[in-house]
Structures are given as C-alpha cells and as structure tokens.
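Participant: Below: sequence and its predicted model.
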Amino acid sequence: MKLLRVGFFCILSLLISSCATIQQEPQGRPTEFLAPTSDFTMRLPPFITIEVLKNSRVPVIGTTQRDGKTYRVVVLPVPAATALRFLINDDGSFEGSAINNTGSRMGFSYSPTPSNTRLVAETSVSQAPTASLKPEQTEAIRAALDAHLAASLKDPASAIQYAAGEPTECRNVINAPPQMRDSWCTCYFVNAKNSMGGYTGAQIGVVSLISTQPPYLMLDVPKELIGSPAGCKNVVSRDAGLIHALVK
C-alpha cells in the first residue's frame with residue numbers, strides 16, 4: 001500500500017519533477033559520514049538560506065541512479081533541510097539535484113557557496129590545529145587554565161572534580177560566530193561553589209585563547225555559545241589543588 005501511495009504521488013507531480021528510487025542503508029542507518037571541506041551556505045526555496053559548518057557530520061543514507069550514473073544521497077544536518085536528500089558526485093561535489101522524502105525530484109538547483117565545496121571522508125578534512133602541539137605546549141596551556149580559573153571562579157578555593165582539555169578549533173565546541181571559528185578554544189569541567197555557597201556540580205566551561213604562544217591569555221566563552229561536550233579534545237582529570245595554590 002505504501003508503494004502505491006508513493007507511486008500515485010509521483011504521477012501527480014510528474015509535470016514538475018520525476019521520481020527516484022533510493023537504495024537505502026540497512027535499517028535506514030548511515031554507515032558513512034562525510035565532512036565539508038569548508039563552511040558553506042545554500043539557498044533553499046523560497047527564502048531560506050542554510051549554513052553548514054566544516055566540522056559537521058553529513059550522513060550518507062543511500063544511493064540513487066540517474067541517467068545511468070550512481071550518486072550518493074546525503075541529508076544535511078540542518079533542521080530546515082532534513083526533508084531533502086541531496087545528490088553527491090563521485091568527487092564530493094553537489095550534483096545540484098535533491099529528492100524529497102517521498103522520492104520525488106525537486107525542480108530547483110541546489111548549489112553551495114563557495115561553489116568548490118566538497119563533501120569528503122571525515123579523515124580527509126584537515127584536523128584541528130592541536131595536531132602540531134607538542135606535549136609541553138599542551139601542559140603549559142593547561143597550567144595557564146589553572147591560573148585563569150583561580151582568578152575567575154567565584155570561589156576558586158572550593159574547586160573540586162577538575163578536568164581540562166587541550167586546544168581545538170572553536171567551531172568544534174562552541175556555536176562560534178564566523179570570526180571565531182578558526183580560533184583556539186579549550187574545554188574544562190569543574191565543580192565549585194557559587195555565590196550562594198553551594199556546589200553546582202561539575203560544569204562545562206570553555207575559554208578561547210588570545211594567543212597560541214606564551215603567555216597563554218584566555219577569555220571565558222559565554223555559556224549560551226557552548227555546544228556539545230563531544231567536541232572537547234583529550235579531556236583529562238587534573239588536580240584541583242593546582243587551582244587552590246594560585247588563589248591570591
């Protein structure tokens with residue numbers, strides 16, 4: 001019955017589009033994820049422009065054929081685009097067509113800006129700048145974070161349950177404005193007393209680094225900009241006594 005409904009819809013929409021069959025992954029679960037080679041925007045009709053960031057994971061949900069050629073089919077991880085399935089060429093470029101969730105081709109050409117954006121294997125995308133960090137640099141940045149928290153927490157002497165990460169691109173851990181996306185940020189988790197004298201539980205915090213060379217000056221990132229902790233890089237437990245010792 002479901003196939004009959006889809007077929008009927010395709011006949012009705014034949015004047016403006018054509019139908020396509022998507023060979024979906026088992027159970028509809030993607031087995032491959034792609035990543036954009038750059039941040040990009042795309043216009044969706046009638047008046048919507050979406051933005052997809054470089055660190056996004058774009059699931060491949062299957063393949064489809066058109067004019068004897070096989071294309072990968074992806075869903076862009078943006079709420080406004082989840083009803084569309086985009087066709088991707090072998091080189092990762094956008095073919096320009098999209099299919100809706102009933103299998104009907106849309107009568108609009110979809111092109112990213114910049115136009116040379118590709119969707120490639122995640123491992124092909126350049127990694128965060130921490131790839132070039134030496135262990136002593138990472139430790140120096142964590143030590144600078146100790147000092148920053150000693151000066152910025154409401155009650156730094158009460159700090160417990162402390163953990164600190166190492167720098168990663170800010171786009172990985174915060175909803176960064178364009179001018180901050182390629183900057184460096186560091187995550188931390190700490191439990192400390194608030195202004196009422198009570199412990200808040202281990203809370204995530206993020207600082208942005210003003211410099212990646214000593215002295216490692218830092219600024220707090222507003223809580224409302226912090227994204228998923230999954231983007232935090234190499235978070236390790238750290239002795240909260242390192243904060244206590246720096247309280248003046």
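Facilitator: Received, thanks. Numbering: from 1, shown residues only.
Participant: Residue ranges in this protein under the pLDDT threshold?
Facilitator: Across the chain, the ranges flagged by pLDDT under 70 are 1-31, 123-132, 179.
Participant: what's stretch 215-227 in contact with?
Facilitator: Contact with stretch 215-227 is made by 140-141, 144-145, 148, 152, 170, 173-176, 185-186, 204-211, as judged by C-beta atoms under 8 Å, 6 or more residues apart in numbering. From N, CA and C alone the C-beta is placed, and that goes for glycine too.
Participant: Wait, Arg85 touches Ala98, no?
Facilitator: Yes: under the contact definition of C-beta atoms under 8 Å, Arg85 touches Ala98, with a separation of 6.3 Å.
Participant: after the helix ranked longest in the chain, next one along is what?
Facilitator: In the chain, taking DSSP state H as the definition, the longest helix is helix 135-152. Sequence-wise, the next helix or strand downstream of helix 135-152 (DSSP states H and E) is strand 160-166.
Participant: Tabulate the CA atom coordinates of the longest helix of the chain in PDB.
Facilitator: In PDB, the C-alpha atoms belonging to helix 135-152 read as follows (Å, rounded to 0.1, in the frame of the first residue of the first chain):
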ATOM      1  CA  PRO A 135      53.200  17.800  24.900                       C
ATOM      2  CA  GLU A 136      54.900  20.600  26.700                       C
ATOM      3  CA  GLN A 137      52.800  23.200  25.000                       C
ATOM      4  CA  THR A 138      49.600  21.400  25.900                       C
ATOM      5  CA  GLU A 139      50.700  21.200  29.500                       C
ATOM      6  CA  ALA A 140      51.600  24.900  29.500                       C
ATOM      7  CA  ILE A 141      48.200  25.800  28.300                       C
ATOM      8  CA  ARG A 142      46.500  23.600  31.000                       C
ATOM      9  CA  ALA A 143      48.700  25.400  33.600                       C
ATOM     10  CA  ALA A 144      47.500  28.700  32.200                       C
ATOM     11  CA  LEU A 145      44.000  27.500  32.500                       C
ATOM     12  CA  ASP A 146      44.700  26.700  36.200                       C
ATOM     13  CA  ALA A 147      45.700  30.300  36.700                       C
ATOM     14  CA  HIS A 148      42.700  31.600  34.800                       C
ATOM     15  CA  LEU A 149      40.200  29.700  36.900                       C
ATOM     16  CA  ALA A 150      42.000  30.700  40.100                       C
ATOM     17  CA  ALA A 151      41.200  34.300  39.100                       C
ATOM     18  CA  SER A 152      37.800  33.900  37.500                       C
END
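Participant: And that helix, what's buried?
Facilitator: Gln137, Thr138, Ala140, Ile141, Arg142, Ala144, Leu145, Asp146, Ala147, His148, Leu149, Ala150 (16 or more other C-beta atoms under 10 Å).
Participant: Which strands or helices does that helix pack on?
Facilitator: On a contact count with 3 or more C-beta pairs under 8 Å, 6 or more residues apart in numbering; DSSP states H and E, helix 135-152 meets strand 160-166, strand 184-191, strand 203-209, strand 218-220, strand 233-238, helix 241-244.
Participant: Pull the residues that contact that helix.
Facilitator: The contact list for helix 135-152 (C-beta under 8 Å, 6+ apart) reads 130, 156, 159, 164, 166-167, 186, 188, 190, 207, 209, 214-218, 220, 234, 238, 242-244, 246-248.
Participant: Assumed Val73 was part of a strand.
Facilitator: Yes: with DSSP: H, G, I helix; E, B strand; the rest coil as the criterion, Val73 is located in a strand.
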